[in-house]
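**Student:** Have a look at this fold, sequence not included:
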C-alpha cells in the first residue's frame, strides 16, 4: 500500500526572514515540495535548499493566480504521492490565511497534517512601526478584521462594535475599501481625529508607514501611492509611533553610515 504524505501548514511571518520560527525553517529545509503564496518574501524563499521543488500559487486582490479549489487539489495530489509538503503562507496560516479551510480539506481526504503558527502581519507591522497593539491607558483590547470579503462582496460588519475608541483596530486587506472603512467607522461614532496608520511591506527594508487622523488616512495613503500589502492600524496607540519607531530609525542610521563610508 502506497504511503500517504504529510502536509505542514506553515506561517512564514510578515516578511523579515529572521522572524521565521525555528520549526518553520527546519520544515522548509527538509520538505520534498514547498507550495507558497505571493506574500512569502524572497528572503525566505532563498532559505529553501536547492533540489526542493517550489510551486507558486500566489493570489492578489482581484486577481487569483491559482483558484483556491485548484490549490487544494495541488496539495492533495502531492500528499497522495507520498511526499512531505510544506504549504507556506505569509503571516499566520489561520489568521485570514485560509489555513483552516485547507486543513479541513486535508482531513476530508484522510491526509495527516500539522499547523505551524507564524507571526501575523498585525504583530509584525505594528511592532516594526513603533505601534504597540495594547498600552495601558490607551487600548484595552485588539480587534483583527478583514477589509475585503470573498468574491468582492460588500463589507457587512458590526460597525458599532468595531468603532470602539478604547480598542486597537487592525485591518487586513483593507486598502481598496479604505474610504468606506473610514466613513463607516466615523459614522458609527469613532472620532475623526483618531490616530490611524497604514503600513506597506511591513518588517521589510521597503517598509513605508504613513500616519494621520482617521478622517485623512485615505488621502495620506493616496498621496504616498501605497500599494498592497498594506496593514491599517487605528487607535490611540498609533500616537506612540513617533517615539517608538525604532525600525525606521535603524534604517536611517544604516543609510547614514553607508553614505559616510562611501565618502
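**Tutor:** On my side now, so go ahead. Keep in mind that this is a model prediction, so the values were computed, not measured. Numbers count the residues shown, from 1 in each chain.

**Student:** Show me the helices in the stretch 151-263 of the chain, by range?
**Tutor:** Listed in chain order, the helices of the stretch 151-263 of the chain (DSSP state H, counting those that start in this stretch) span 159-162, 178-187, 217-223, 241-244, 246-262.

**Student:** which of these has the lowest average pLDDT?
**Tutor:** Here the helices of the stretch 151-263 of the chain differ in mean pLDDT, and the lowest is helix 246-262 at a mean of 67.

**Student:** how is the protein carved up into domains?
**Tutor:** When the chain is parsed into structural domains using automatic domain parsing, the resulting residue ranges are 6-119, 122-247.

**Student:** Out of the helices and strands in this structure, which is least certain?
**Tutor:** Lowest by mean pLDDT, DSSP states H and E among the helices and strands of the chain is strand 63-64, with a mean of 54.

**Student:** Give me the contacts around the next helix or strand after it.
**Tutor:** Downstream of strand 63-64, the next assigned helix or strand under DSSP states H and E is helix 68-80. In this structure, residues lying in contact with helix 68-80 by Cβ atoms under 8 Å, 6 or more residues apart in numbering are 2, 4-7, 33, 35, 55, 57, 59, 66, 85, 87, 98, 101-102, 105-106, 109, 111. Just so you know, the C-beta spots here come from the backbone N, C-alpha and C atoms, and that holds for glycine as well.

**Student:** residues of helix 68-80 that come out buried?
**Tutor:** Applying a neighbour-count criterion of 16 or more other Cβ atoms under 10 Å, one finds 71, 72, 74, 75, 76, 78, 79 buried in helix 68-80.

**Student:** Can you say which of the helices of the stretch 151-263 of the chain is nearest to residue 118?
**Tutor:** With Cβ to Cβ, the closest approach to residue 118 among the helices of the stretch 151-263 of the chain belongs to helix 246-262: 18.8 Å.

**Student:** In this structure residue 167 contacts residue 141, no?
**Tutor:** Yes - distance between residue 167 and residue 141: 5.1 Å, which falls inside the contact criterion (Cβ atoms under 8 Å).

**Student:** More neighbours: which of those two?
**Tutor:** More crowded of residue 167 and residue 141, by other Cβ atoms under 10 Å: residue 167, with 20 against 12.

**Student:** distance of that one from residue 101?
**Tutor:** For residue 167, the distance to residue 101 under the criterion Cβ to Cβ, to the nearest Å works out to 27 Å.

**Student:** how about the strands in the chain?
**Tutor:** 6-11, 33-36, 53-56, 59-60, 63-64, 84-89, 112-116, 141-146, 167-172, 195-200, 208-213, 230-234 (DSSP state E).

**Student:** Any chance of TSV for these, columns distance to residue 157?
**Tutor:** TSV is the format used below for the strands of the chain (distance: least, Cβ to Cβ, whole Å):
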stretch	distance to residue 157
strand 6-11	25
strand 33-36	30
strand 53-56	32
strand 59-60	22
strand 63-64	23
strand 84-89	24
strand 112-116	26
strand 141-146	7
strand 167-172	10
strand 195-200	17
strand 208-213	21
strand 230-234	13
